[in-house]
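> got a structure for you, letters missing:
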């Protein structure tokens, strides 16, 4: 990634190296924070943040679940103020394609009952580029992780809680060590849940399938976008349990996520998916997604929040 100059921190724009917290910050020691990852695209009307409203809503809902009040340095923030702050951070930097807002318990506290611990709100902008590598569009390799996707009994699986991503980090490292790009994480029933930072789709029997929310997955914003796009293109979309057998024997498999966007899968656990090449269904959906994100398809203009 490429760093940007300014970080929005508790209402102020500070230099990258000046955005600091104490080593005893509760979030650093216990993972008590909520974050989002949001893509920024160049359009004919200037930089646009993709589905900002949905990302901000999930961020605020995650804070509600975690019991973190939106009060930073004595100032209370609303949902609209959260969105305005994200826009301000993007405007203050150049060459931004990814913005990461994070609300976390920054107060110095030791203990697992963080009542009254102050929170902070940081918004970091970067240029990420292709998250899964420049060659991801040619097809990526997956392996099934030995680490289970944490479900709703382990924490708020529907929110991007900082501490919940330890399992994803372990699974991702496991995949890289095995020469793969990503890891498939199963849930406690042994069904396919998601990858370390992406939702999973497959195409078989003329239909698009993806694990349902009840499978313990993150309710991905890009996932919801792809479901809508697929339906608008005339495909039937089934949100249901997916087994490893179904995934491995699918005609096409692809991943979706803010960072990964739409990534075709050509190999799972050493087995070729389809004919070993990116499929035409995922390619068609990816092209429509790209047109929407870059402001070329005005039918979906409400998915874009222009920075200027």
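Alright, I've got the coordinates. Predicted, not measured: the structure shown is a model, and the values here were computed from it.

> any chance you could map the helices in the stretch 51-200 of the chain?
52-66, 79-91, 166-177 (DSSP state H, counting those that start in this stretch).

> to residue 218, which of those helices lies closest?
Among those, helix 52-66 comes nearest to residue 218, with 9.1 Å by CB to CB. (Glycine included, C-beta is placed from N, CA and C.)

> who are the contact partners of residue 4?
Counting by CB atoms under 8 Å, 6 or more residues apart in numbering, residue 4 touches 16, 93-96, 124-127.

> do you know the pLDDT at the residue lying closest to it once chain neighbours are set aside?
Nearest residue to residue 4, sequence neighbours excluded (CB to CB, 6 or more residues apart in numbering): residue 93, at 3.8 Å. Listed pLDDT for residue 93 reads 97.

> pretty sure residue 93 sits against residue 6.
Yes: if you go by CB atoms under 8 Å, residue 93 and residue 6 touch, sitting 5.7 Å apart.

> who touches both of the two?
The contact lists of residue 93 and residue 6 share residue 125, where a contact means CB under 8 Å, 6+ apart.

> follow-up on the earlier one: list only buried entries from the contacts of residue 4.
Among the contacts of residue 4, those classed as buried by 16 or more other CB atoms under 10 Å are 93, 96, 124-126.

> neighbouring contacts of stretch 163-182?
With contact meaning CB under 8 Å, 6+ apart, stretch 163-182 is reached by 30-33, 132-133, 136, 140-143, 145-150, 154-157, 183, 185, 195-198, 255.

> can I see the domain layout of the protein?
For the chain, the structural domains run 2-127, 136-293, going by automatic domain parsing.

> ends of the last one, what's the gap?
Right, domain 136-293. End-to-end span of domain 136-293 (CA to CA, to the nearest Å): 19 Å.

> give me the average confidence score over it.
The pLDDT scores in domain 136-293 average 96.

> now stretch 54-71
Stretch 54-71 comes out at a mean pLDDT of 97.

> okay, residue 77: pLDDT?
Reported pLDDT for residue 77: 98.

> what sits against it?
Per CB under 8 Å, 6+ apart, neighbours of residue 77: 70-71, 85, 121.

> what about burial for these, which qualify?
70, 85, 121.

> for residue 204, see how far away residue 271 is.
The spacing between residue 271 and residue 204, counted by CB to CB, to the nearest Å, is 15 Å.

> and the two? which has more neighbours close in?
Counted by other CB atoms under 10 Å, residue 271 and residue 204 do not tie: residue 204 has more neighbours, with 16 against 9.

> ok, and the closest non-adjacent residue to the more buried one?
Nearest residue to residue 204, sequence neighbours excluded (CB to CB, 6+ apart): residue 250, at 4.6 Å.

> can I assume the one you found is in contact with residue 207?
No: between residue 250 and residue 207 there is no contact under CB under 8 Å: 10.5 Å.

> neighbour count winner among these two?
residue 250 (22 against 12).

> what about residue 275, neighbour count?
Residue 275 has 10 nearby residues by other CB under 10 Å.

> ditto for the one 4 residues further on
The number of residues packed around residue 279, counting by other CB under 10 Å, is 22.

> i'd like the first residue to be 281 from this point on
I'll keep to 281 as the first residue from here, and by that count the last item is residue 559.
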